[in-house]
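[1] compute the structure for the input listed below.
(4 chains)
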Number of protein chains: 2
Amino acid sequence: MTSNRAGGAPTMRDVAALAQVSAMTVSRVLKDDPGVSAGTRERVLSAVGELGYRRNETARSLRLGGSRMIGLVVTNLANPFYSRLALGVQEVAAEEGMRVLLSNTAEQLERERELVEDLVSHRVEGMIVVPAASRQEHLARAMEALPMVLAARPPEGMDTDCVLVDDFHGAREATARLLDAGHRDIGFLGNPPTLYTGAERFRGFWAAHEEFGLQPAEHRVRRGLTDIATAEAMARDVLSGEPAPTALFCTNNRITQGAVRAVRRLGLQTALAGFDNFELADVLQLPLTIVSYDADEIGRQAARLLIDRIKHGSDTTRPSRRAVVPTTVLQYDGMPRPE
Amino acid sequence: MTSNRAGGAPTMRDVAALAQVSAMTVSRVLKDDPGVSAGTRERVLSAVGELGYRRNETARSLRLGGSRMIGLVVTNLANPFYSRLALGVQEVAAEEGMRVLLSNTAEQLERERELVEDLVSHRVEGMIVVPAASRQEHLARAMEALPMVLAARPPEGMDTDCVLVDDFHGAREATARLLDAGHRDIGFLGNPPTLYTGAERFRGFWAAHEEFGLQPAEHRVRRGLTDIATAEAMARDVLSGEPAPTALFCTNNRITQGAVRAVRRLGLQTALAGFDNFELADVLQLPLTIVSYDADEIGRQAARLLIDRIKHGSDTTRPSRRAVVPTTVLQYDGMPRPE
DNA sequence: CTGTTAGCGCGTTCAA
DNA sequence: TTGAACGCGCTAACAG
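    Prediction:
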């Protein structure tokens, strides 16, 4: 490894000097331009090897006017749902030769604002956002600079492509399973109704009841839950009602886990239904009805919609599209084990 | 929103023209340089607002010679361990005003090679890598261009800072707990011995036995497991041995989950000990001994080591450092004595 | 087949 | 307090 000028990484000029050609020729070799003689190419490549030269992608994208990067902003990377989504995005991006710049908002609107601005400043060619809230003015502003796709939650007050889960039908079907099984006193533990998923899943829960000519009992409904501990407390609360519910519907994986804790600690065998599959659900030995869906697929579809927009430049005439990822209801039965 | 020249994002020149100053003045305002009159600053800022101008970080970093980005390469983002690690890295990076470029190798050495090269080409200022294998020549090459810190697995054939889990002591302590509780026939389900963690955790398992004057039975040892399904099959295999083991030691969360499945499906109450905590471990109603540690902290420490190197430039005289994150042994459900 | 010129958007240096 | 010139590393467009 020969050392070059003053400490920094070697540049094309360093390579050019060593190979005794011009920088332009080096550039041509590196992009596999056919118009270079075999001998020259050979010399250049060996100089590249000797210096440990790597093309500077920063300079390259400045010159070419495209970073080949897309931004991804999620609310909580610690939630497997979002890490799977991120993998789906990366998978499709990689197929297109794009890199993904991944950011985490921790559900904080202010942080989302900063991160989105930052991604625009880094000239990503587009971004996929799981919006932290229904305040989306900053997203609308960013959209004036680049294409955007929302994931998991829909646009509010703006017009964008988005990829959603079939929240309504998933909730309705899972609830219907409980009703089919004879449950009539079903508690509801929900995430905030201000979130799209919170609203839709509650609608599905309600709709299933209506189809059975029933109406959920207000006193068994708790909404606005955001963490496992609160979910557990609310589950205990609802379970202690009179008459005790025979089943609980939970709107996401954290709430389901809180409910599992409550049921276990109380020594009950209450049936649970909930959104989001989780590992070991099948060996918990509890009667579980899980609304499952492919989180990777949400990421893949979002990436496809985005890349499609990027390829078609600023053709703002094309209408926005909305993709819906289907849900599947899984049934895990409790109880069947010998002691 | 006034439109600017030909479609592209507005540049400093556009802002300068609108504010009737030079580009230099715009640059000064944007960096809060004190030498600008209040009136001029005002005009510039309003022009920025009107055009929706954002500074081009690509051009900026080219000029300044520093991308303010660090690379992070993990083997499997779908494993919560690595997403937590990533969050730890991002946390510290954010404090230092750095962004994180996150890549996933899916445990494929070839992909690791490409991604590392790519990050170097993007001129990240340093990188944190969870190496996929003990083949690390490509990492050594990259280290000639920028500082590197390895996480979770140590350097092999090169000299780098790294952050490890206290694999040996964690495994020894958990095994000792089983032995203390009276278990004498303990099965071992391990990840590949070619991986550092696989080797260390096996050493710990062995050492605990030696301290009790015992030696693990070869026929109850299975190594080289990489997925849940295989782990479950091997667990069944070991559990069917004669005499049946009263406990199993598992070297990571996936293997533990396979063992949980096997134990449950066989209707046993075999005690399980394993590395990596997981959600709902406490309500599984199985006797579990879990070696837990703070994955975020690994990321934080790795980021600190890396940023420290970056700040000290190419001062290669400083010796490499090794940080070890401690483990805690958790006990769920008490442990029933063997008969 | 190869080299020269020019400029992507920005910030440092020096001069006014 | 402000501006002009130059160059970071690279490549498109045009010579030769």
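
[2] what's the local residue count around the residue in the stretch 51-200 of chain A positioned nearest to DNA strand C?
    In the stretch 51-200 of chain A, no residue comes nearer to DNA strand C than A:R63, which is 3.6 Å away by Cβ to the nearest atom of the strand. Heads up, the C-betas are built off the backbone N, CA and C, glycines and all. Neighbourhood size, A:R63 [other Cβ atoms under 10 Å in any protein chain shown]: 10.

[3] now do A:S240
    A:S240 has 11 neighbours, counted by other Cβ under 10 Å.

[4] phi and psi next, for it.
    Here the main-chain torsion angles of A:S240 (degrees, to the nearest 10) amount to phi -90, psi 0.

[5] and what of A:V100?
    Its backbone dihedrals place A:V100 at phi -120, psi 130, with angles given as degrees, to the nearest 10.

[6] for it, give me its contacts.
    With Cβ atoms under 8 Å, 6 or more residues apart in numbering or on different chains as the criterion, the residues that contact A:V100 are A:M69, A:I70, A:G71, A:L72, A:A86, A:V89, A:Q90, A:A93, B:L102.

[7] if you set the cut-off to 6 Å instead, what comes out?
    For A:V100, the residues meeting the contact criterion (Cβ atoms under 6 Å, 6 or more residues apart in numbering or on different chains) are A:I70, A:L72, A:V89, A:Q90, A:A93.

[8] what do you get for A:H209?
    Neighbouring residues of A:H209 by Cβ under 6 Å, 6+ apart: A:Q215, A:P216.

[9] so how far is B:T25 from it?
    A:H209 sits 65 Å away from B:T25 when distances are taken as Cβ to Cβ, to the nearest Å.

[10] phi, psi of A:I128?
    Reported as degrees, to the nearest 10, the phi and psi values for A:I128 are phi -110, psi 130.

[11] ok, what's across the strand from it?
    Beta-bridge pairing for A:I128 (DSSP bridges): A:L72, A:V149.

[12] does it touch A:V149 like I think?
    Yes. Contact status for A:I128 versus A:V149: in contact at 4.9 Å, counting by Cβ atoms under 6 Å.

[13] mutual contacts of the two, please.
    Residues touching both A:I128 and A:V149 (Cβ under 6 Å, 6+ apart): A:A302, A:L306.

[14] for the stretch 101-250 of chain A, which segments count as helices?
    Secondary structure of the stretch 101-250 of chain A by DSSP state H, counting those that start in this stretch: the helices cover A:109-121, A:137-143, A:167-180, A:196-211, A:228-239.

[15] deepest of those helices, which one?
    helix A:167-180 (a mean of 22; mean count of other Cβ atoms under 10 Å in any protein chain shown).

[16] one step back: got TSV for the helices of the stretch 101-250 of chain A, with mean pLDDT and distance to A:P319 too?
    Written out in TSV, the entries for the helices of the stretch 101-250 of chain A read as follows (pLDDT from 0 to 100; distance: least, Cβ to Cβ, whole Å):
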stretch	mean pLDDT	distance to A:P319
helix A:109-121	95	23
helix A:137-143	95	15
helix A:167-180	96	23
helix A:196-211	95	20
helix A:228-239	95	39
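
[17] same list (the ones you listed) but as CSV, adding distance to B:M98.
    CSV is the format used below for the helices of the stretch 101-250 of chain A (distance: least, Cβ to Cβ, whole Å):
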stretch, distance to B:M98
helix A:109-121, 11
helix A:137-143, 22
helix A:167-180, 37
helix A:196-211, 33
helix A:228-239, 32
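
[18] around DNA strand D, pick out the residues from the stretch 1-150 of chain A.
    Remark: the part of the stretch 1-150 of chain A in contact with DNA strand D comprises A:8-9, A:11-13, A:23-24, A:27, A:30-31, A:55-56, A:59-60, A:62-64, using Cβ under 7 Å from any atom of the strand.

[19] now tell me what touches stretch A:294-301 from outside.
    When contacts are taken as Cβ under 6 Å, 6+ apart, the neighbours of stretch A:294-301 outside the stretch itself are A:F81, A:R84, A:L85, A:L87, A:G88, A:V89, A:V92, A:A151, A:V163, A:A323, A:V325.

[20] in helices, which of these fall?
    For the contacts of stretch A:294-301, membership in helices holds for A:F81, A:R84, A:L85, A:L87, A:G88, A:V89, A:V92, with DSSP state H as the criterion.

[21] how about A:E173, what does it touch?
    A:E173 sits next to A:V329 when contact means Cβ under 6 Å, 6+ apart.

[22] count the residues that sit near A:Y332.
    Around A:Y332 there are 16 other residues, counting by other Cβ under 10 Å.

[23] with adjacent residues omitted, what lies nearest to it?
    Distances taken as Cβ to Cβ, 6 or more residues apart in numbering or on different chains place A:L288 nearest to A:Y332, at 4.2 Å, with adjacent residues excluded.

[24] distance check, that neighbour against A:Q269.
    A:L288 is 11 Å from A:Q269, where distance means Cβ to Cβ.

[25] now A:L239
    Distance check for A:L239 against A:Q269: by Cβ to Cβ, it reads 12 Å.

[26] same question for A:G190.
    Using Cβ to Cβ, we find A:G190 at a distance of 23 Å from A:Q269.

[27] more neighbours: which of those two?
    Summary of the neighbour comparison: A:G190 and A:Q269, criterion other Cβ under 10 Å, with A:G190 having more neighbours (25 against 14).

[28] contacting residues for that one?
    By Cβ under 6 Å, 6+ apart, the residues touching A:G190 are A:G198, A:F202, A:R223, A:T251.

[29] can I get these in JSON lines with distance to B:E218?
    As requested, the contacts of A:G190 are exported to JSON lines (distance: Cβ to Cβ, whole Å):
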{"residue": "A:G198", "distance to B:E218": "55"}
{"residue": "A:F202", "distance to B:E218": "57"}
{"residue": "A:R223", "distance to B:E218": "57"}
{"residue": "A:T251", "distance to B:E218": "50"}
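
[30] now, which of those residues sits nearest A:R184?
    Each of these was checked against A:R184 using Cβ to Cβ; the closest is A:F202, at 18.5 Å.

[31] find the nearest non-adjacent residue to the closest one, please.
    If you skip the residues right next to it in sequence, A:F202 has A:G190 as its closest partner in space, 5.6 Å away by Cβ to Cβ, 6+ apart.

[32] any chance of the helices of the stretch 101-250 of chain A in TSV, plus distance to DNA strand C?
    Compiled in TSV, those are given as follows (distance: least, Cβ to the nearest atom of the strand, whole Å):
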stretch	distance to DNA strand C
helix A:109-121	9
helix A:137-143	16
helix A:167-180	41
helix A:196-211	36
helix A:228-239	44
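
[33] how about these, which one is nearest A:G157?
    The stretch from the helices of the stretch 101-250 of chain A with the least distance to A:G157 (Cβ to Cβ) is helix A:137-143; that distance is 7.2 Å.

[34] now do that closest one: everything it contacts.
    With Cβ under 6 Å, 6+ apart as the test, helix A:137-143 has contacts from A:R113, A:V116, A:V120, A:M158.

[35] now for those: which two are most distant?
    For these, with distances taken as Cβ to Cβ, the pair at the greatest spread is A:V120 and A:M158 (15.5 Å).

[36] can stretch A:67-74 be said to contact DNA strand C?
    No. Using Cβ under 7 Å from any atom of the strand, stretch A:67-74 never reaches DNA strand C; the gap is at least 11.6 Å.

[37] ok so, going back, ok, what's across the strand from the residue nearest to A:Y332?
    Going by DSSP bridges, A:L288 is paired in beta bridges with A:L272, A:Y332.

[38] my guess is it contacts A:L330, does it?
    No. Distance between A:L288 and A:L330: 7.9 Å, which falls outside the contact criterion (Cβ under 6 Å).
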